[in-house]
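Peer 1: Coordinates only, no sequence provided:
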């Protein structure tokens, strides 16, 4: 072992420990790894920084921009509603449907692209069902990776392996050559995640319930006389499943207050007292035939849209509103503002206008910006933050979907590489105004970009220093020359390296060594290529691959969560692979 190899392995160990104990964030650890490799002279500054211009970083950036466009045009919300209907608002069932949908899509497109598409869908479902995102996001990422061996285009790692096979004089892989082992891995892996894996995932609520926009607001909705909801039962209206709102009471002229049950039939002019997250309440504006009651009252053609603000405000101890009702204080007439919704711990089963306000109540207030500033200056309330009120650009939803499909098609047919296709997609969603650059850049998780760019330098160092080849030699020394033992050894080596570098880099490092060893001991090299392809995509033990990195922050996961859930899954996949590969591709 040379000094360079020893230093690289030491940096690897220290990085894994730093990721595990989480004293600093993962992106900071990644930067530390990069700087350590450059400072020790293992990599030149150019080699260390090359990761930020890598295919993986460009691909992630382009995919995140496209999925932001899908969210901006309302596509993600539509898919989320479809899954919620299937899952019937039950988090366990929803997690299974998300995994099935992700695994199916990932069988035919890049698993990173599938994760990027379903990430905002899963986040929306978590918000809609008031569940922790951690219950959905890790299963989503694992489901996308499980489909990696179904087809040649499921992951770029398979394409890299195919190219290496051609370079070695072997026949190319068929489009579905890996499917006989890939489909069992997908099916059994999904069953494991549904029955066992998701129960091993800690439910991390964090401060989700206290975030602006995640609180449960009370609001009043008006059903118009000509509304498509009129004449439908509550169950048929899907106000709960599609809008994520809970109907607490129905107020009907001449009938007083009605208890809302699934069979209650709505009528025109009904007023619904509902509870839901801020964004779900505001989404009512996108639905025809039903409106927020305050919106109906405040309509004023003399006030331009750009002059109207929407804010979340908290009542202060000195507020003139404390102990009084909105009706009693004549809030709209006095301040020129309208309260759209009210948040208070617990449920209030009465009209919002008649609720006596308390210290700490949160109000969703709409009105002219000058009036909002004046009322805050008078200390009636304190504005916590402005609310983004832009509605989805639904008319461009078809364009956004077409661009996403086009990108996947040209990449799947290998017309252009996926990173270039992803950047093309980002350019097209900007050019067609599906989303503005400013909106898209706000949605990009720059910590993920920094972490990926930094950690790719470790993969380069493993190759430059000779550490990867040294590890391969140790595998042969330990397992011997038996066919099954060698397959197991290279599976283990590829799994180890794919946790520390990109899947493609792990395959590039391990496969040539595996083919060389197979030829030396007289085995057919094809099963070795297959086992390396399967193992190089077996990225469940750490969150250092793109699909896992994309869910790491939003799910509030810790390094050990992936090991806890991924270790049994990795052993399960090893059992499937070592059983099927030698039989389907004889040694």
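Peer 2: Arrived safely. Keep in mind it's a predicted model, so treat the numbers as computed, not measured.
Peer 1: which parts of the helix or strand where residue 496 lies are buried?
Peer 2: According to DSSP states H and E, residue 496 maps onto helix 483-500. Under the neighbour-count criterion of 16 or more other CB atoms under 10 Å, helix 483-500 has 483, 486-500 buried. Just so you know, the C-beta spots here come from the backbone N, C-alpha and C atoms, and that holds for glycine as well.
Peer 1: same question for that helix, mean pLDDT?
Peer 2: When pLDDT is averaged over helix 483-500, the result is 86.
Peer 1: what sits against residue 75?
Peer 2: Residues counted as contacts of residue 75 (CB atoms under 8 Å, 6 or more residues apart in numbering) are 397, 400-401.
Peer 1: what stretches of the stretch 1-150 of the chain score poorly on pLDDT?
Peer 2: 16, 19-20, 22, 55-56, 60, 76-77, 80-81, 84-89 (pLDDT under 70).
Peer 1: go again using 90 as the cut-off
Peer 2: Across the stretch 1-150 of the chain, the stretches falling below the confidence threshold (pLDDT under 90) are 1-6, 8-34, 43, 46-95, 97-98, 101-102, 104-136, 148-149.
Peer 1: how many neighbours does the closest residue to residue 393 other than its chain neighbours have?
Peer 2: Closest residue in space to residue 393, ignoring its immediate chain neighbours: residue 73 at 5.1 Å, by CB to CB, 6 or more residues apart in numbering. By other CB atoms under 10 Å, 23 other residues sit near residue 73.
Peer 1: hang on, the earlier thing: looking at the contacts of residue 75, which is nearest residue 558?
Peer 2: residue 400 (34.0 Å; CB to CB).
Peer 1: is it true that the closest one touches residue 428?
Peer 2: No - the criterion here is CB atoms under 8 Å, and residue 400 misses it with residue 428 at 9.2 Å.
Peer 1: Same drill for these two, tell me which one is more crowded.
Peer 2: When neighbours are counted by other CB under 10 Å, residue 400 comes out ahead of the other of residue 400 and residue 428, with 27 against 20.
Peer 1: Could you report the separation of that one from residue 408?
Peer 2: Distance of residue 400 to residue 408, given as CB to CB, to the nearest Å: 13 Å.
Peer 1: what bits of the stretch 351-500 of the chain have low per-residue confidence?
Peer 2: In the stretch 351-500 of the chain, residues with pLDDT under 90: 351-398, 400-401, 404-423, 433-486, 489, 493-494, 496-500.
Peer 1: Okay, helices next: where are they in it?
Peer 2: 369-377, 397-412, 418-431, 437-443, 446-464, 467-479, 483-500 (DSSP state H, counting those that start in this stretch).
Peer 1: To residue 557, which of those helices lies closest?
Peer 2: Per CB to CB, nearest to residue 557 of the helices of the stretch 351-500 of the chain: helix 446-464, 12.9 Å.
Peer 1: what angle do that closest one and helix 483-500 make?
Peer 2: Angle, helix 446-464 to helix 483-500, by axes from the mean of the first three to the mean of the last three CA atoms, to 10 degrees: 130 degrees.
Peer 1: And helix 446-464, what's buried?
Peer 2: For helix 446-464, by 16+ other CB under 10 Å, it's 447-462, 464.
Peer 1: what angle sits between the longest helix along the chain and helix 483-500?
Peer 2: In the chain, ranked by residue count with DSSP state H as the criterion, the top helix is helix 559-584. Counting by the same axes, to 10 degrees, helix 559-584 lies at 150 degrees to helix 483-500.
Peer 1: tell me which strands and helices helix 559-584 is in contact with?
Peer 2: Judged by 3 or more CB pairs under 8 Å, 6 or more residues apart in numbering; DSSP states H and E, helix 559-584 is in contact with helix 3-21, helix 134-146, helix 179-195, helix 483-500, helix 526-536.
Peer 1: re the thing from before, between the buried residues of helix 483-500, which is closest to residue 59?
Peer 2: Distances from residue 59 to those, taken by CB to CB, are shortest for residue 498, at 17.0 Å.
Peer 1: That closest one and residue 157, how far apart?
Peer 2: In terms of CB to CB, residue 498 sits 8 Å off from residue 157.
Peer 1: what do those two both touch?
Peer 2: Counting by CB under 8 Å, 6+ apart, the residues touching both residue 498 and residue 157 are 507, 536-537.
Peer 1: Export the residues you listed as JSON lines, with columns for pLDDT, neighbour count and distance to residue 196.
Peer 2: Shown next, in JSON lines, are the shared contacts of residue 498 and residue 157 (pLDDT from 0 to 100; neighbours: other CB atoms under 10 Å; distance: CB to CB, whole Å):
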{"residue": "507", "pLDDT": "79", "neighbour count": "30", "distance to residue 196": "28"}
{"residue": "536", "pLDDT": "89", "neighbour count": "32", "distance to residue 196": "24"}
{"residue": "537", "pLDDT": "89", "neighbour count": "33", "distance to residue 196": "21"}
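Peer 1: burial count for residue 431?
Peer 2: For residue 431, using other CB under 10 Å, the count is 9.
Peer 1: Likewise for residue 194?
Peer 2: Count around residue 194 with other CB under 10 Å applied: 18.
Peer 1: Out of the helices of the stretch 351-500 of the chain, the one nearest residue 111 is which?
Peer 2: By CB to CB (comparing all of the helices of the stretch 351-500 of the chain), the closest turns out to be helix 418-431, at 11.1 Å.
Peer 1: what helix or strand is the residue nearest the centre of the chain on?
Peer 2: Centroid check for the chain by CA atoms, centre = their mean gives residue 119 as the closest residue, at 2.3 Å. Using DSSP H and E, residue 119 sits in helix 111-128.
Peer 1: packing partners for that helix?
Peer 2: helix 55-72, helix 75-87, helix 91-106, helix 134-146, helix 278-282, helix 397-412, helix 546-552.
Peer 1: Mean neighbour count, these: which tops it?
Peer 2: helix 134-146 (a mean of 29; mean count of other CB atoms under 10 Å).
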